[in-house]
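Colleague: Quick one, structure for this:
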Amino acid sequence: MDLRKVRKLIEIFNASNLSELEIHEGEDSIRLNRTLTVVADQTTVQSAAHLPSDVSQTLKDIDIDDDPADDDGTFAVLSPMVGTFFAAAAPTDDPFVKVGDEVSPGQPLCLIEAMKIFNQIEAERSGTVLKVLKQNGDPVEYGEPLVILSE
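Modeller: Numbering: from 1, shown residues only. Coordinates of the predicted model:
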């Protein structure tokens with residue numbers, strides 16, 4: 001099955017209200033299943049060395065400091081779900097964090113809205129915000145980097 005078709009199917013599935021979809025094409029088949037349980041206040045933090053190769057390459061392409069050869073000590077906060085990114089609790093509020101801010105474990109970094117539920121994403125580790133990769137209203141995928149922090 002063509003990868004572009006699979007991505008398009010996932011896109012259509014995410015935009016629908018379906019809880020399950022199964023498609024057979026010749027000997028190939030794909031089954032998509034959505035669990036309706038949403039866990040609030042969940043944060044995933046991984047070092048860039050442990051990210052999938054396509055995400056690691058994306059992070060390498062992003063200029064997060066003056067010396068791109070010195071990538072040690074940085075880590076990405078990843079989206080724990082598919083949804084919409086929000087930097088603040090309300091449109092008129094200041095963002096939870098901005099570049100240069102020091103964060104500590106449990107501090108809110110952003111919100112991800114999924115299925116009309118706002119999920120607060122918190123820092124699991126202390127660090128300094130090097131880059132906020134998303135803007136208000138941007139769609140996010142599961143595992144996509146949201147914020148780059150340094151130790």
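Colleague: What part of the chain, helix or strand, is modelled with the least confidence?
Modeller: strand 44-47 (a mean of 46; mean pLDDT, DSSP states H and E).
Colleague: Show me which residues of stretch 137-147 are buried.
Modeller: V140, G143, E144, P145, L146, V147 (16 or more other CB atoms under 10 Å). All C-beta spots, glycine's among them, are computed from the backbone N, C-alpha and C.
Colleague: An error on my part: the question was meant for stretch 77-84.
Modeller: Residues V77, L78, S79, P80, M81, V82, G83 are the ones in stretch 77-84 that count as buried (16+ other CB under 10 Å).
Colleague: pLDDT on it, on average?
Modeller: In this model, stretch 77-84 has an average pLDDT of 93.
Colleague: Please enumerate residues in contact with the one helix or strand L9 maps to?
Modeller: Assessed by DSSP states H and E, L9 sits inside helix 3-15. The contact list for helix 3-15, computed with CB atoms under 8 Å, 6 or more residues apart in numbering, reads L21, I23, I30, L32, R34, V82.
Colleague: show me what contacts the nearest residue to L149 once chain neighbours are set aside?
Modeller: Nearest residue to L149, sequence neighbours excluded (CB to CB, 6 or more residues apart in numbering): G127, at 3.5 Å. By CB under 8 Å, 6+ apart, G127 lies in contact with F75, E102, V103, L149, S150, E151.
Colleague: Quick check, the fourth one in contact with V97.
Modeller: I take that to be L149. No. Look at L149 against V97 with CB atoms under 8 Å: they stay out of range, at 9.2 Å.
Colleague: Can you pick out the residue with more neighbours from these two?
Modeller: L149 (25 against 22; other CB atoms under 10 Å).
Colleague: who does the host helix or strand of that one pair up with?
Modeller: According to DSSP H and E, L149 maps onto strand 145-150. Here strand 145-150 has these sheet partners by DSSP bridges: strand 74-78 (antiparallel), strand 127-132 (antiparallel).
Colleague: List just the one of these that sits closest to A87.
Modeller: Nearest to A87, of all the strands paired with strand 145-150, is strand 127-132, at 6.7 Å by CB to CB.
Colleague: Need the mean per-residue confidence for the closest one.
Modeller: Averaging pLDDT along strand 127-132 gives 93.
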